[in-house]
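S.K.: no letters, just coordinates:
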């Protein structure tokens, strides 16, 4: 798990199990970068995510609200099927982009 910034893009790696504890750690780290840097995009990478509960959705929503204030966009990548189903049911795709699905539409 980890958070980093490169070229004003905040990358949030959602590794392992995303539950209340891990979401709180990611929230703290990402808040630190939002307070120190100009962020124009937030990318959540789910490549190594095994499990996510509603805390993960709350984490995404919170970063979306922060990004909205600076006109930054929020995107999700490498989403496993089990997480994708949860995100679909939550309605999160109405406000954030799934990069893989966007790329398929463009191709």
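M.R.: Yep, that arrived. Since we're looking at a predicted model, the values are computed, not measured.

S.K.: in the chain, where is pLDDT below threshold?
M.R.: Applying pLDDT under 70 to the chain picks out residues 1, 100-107.

S.K.: what about the strands in it?
M.R.: For the chain, the strands defined by DSSP state E occupy 2-6, 9-13, 16-18, 41-45, 49-52, 73-77, 97-98.

S.K.: the first one: how far from the chain's middle?
M.R.: Centroid separation for strand 2-6 versus its chain: 12 Å, with CA atoms, centre = their mean, to the nearest Å.

S.K.: over to the fourth one?
M.R.: Relative to its parent chain, strand 41-45 has a centroid offset of 5 Å by CA atoms, centre = their mean.

S.K.: same check on the second one?
M.R.: How far strand 9-13 lies from its chain's middle: 8 Å, per CA atoms, centre = their mean.

S.K.: what's it in contact with?
M.R.: Residues from elsewhere that reach strand 9-13, judged by CB atoms under 8 Å, 6 or more residues apart in numbering: 1-5, 26, 30, 33-34, 37, 39-45, 47-48, 59, 63. Glycine gets a C-beta too; all of them are placed from N, C-alpha and C.

S.K.: weed out the non-buried ones from these.
M.R.: 1, 3, 5, 26, 30, 33-34, 39, 42-45, 59, 63 (16 or more other CB atoms under 10 Å).

S.K.: can you tell me which two in those are farthest apart?
M.R.: Largest separation among the buried ones among the contacts of strand 9-13 by CB to CB: 1 and 39, giving 18.6 Å.

S.K.: now do the same contact list for the most centrally placed residue in the chain.
M.R.: Nearest to the geometric centre of the chain sits residue 44, at 3.1 Å (CA atoms, centre = their mean). Contact partners of residue 44, counting by CB under 8 Å, 6+ apart, are 12, 14, 60, 63, 74, 75, 76, 77.

S.K.: tell me the bridge partners for it.
M.R.: Taking DSSP bridges as the rule, residue 44 bridges to residue 12, residue 76.

S.K.: roughly how far does it sit from residue 77?
M.R.: According to CB to CB, to the nearest Å, residue 44 and residue 77 sit 7 Å apart.

S.K.: so who does residue 38 touch?
M.R.: 8, 70.

S.K.: right, I'll leave it there.
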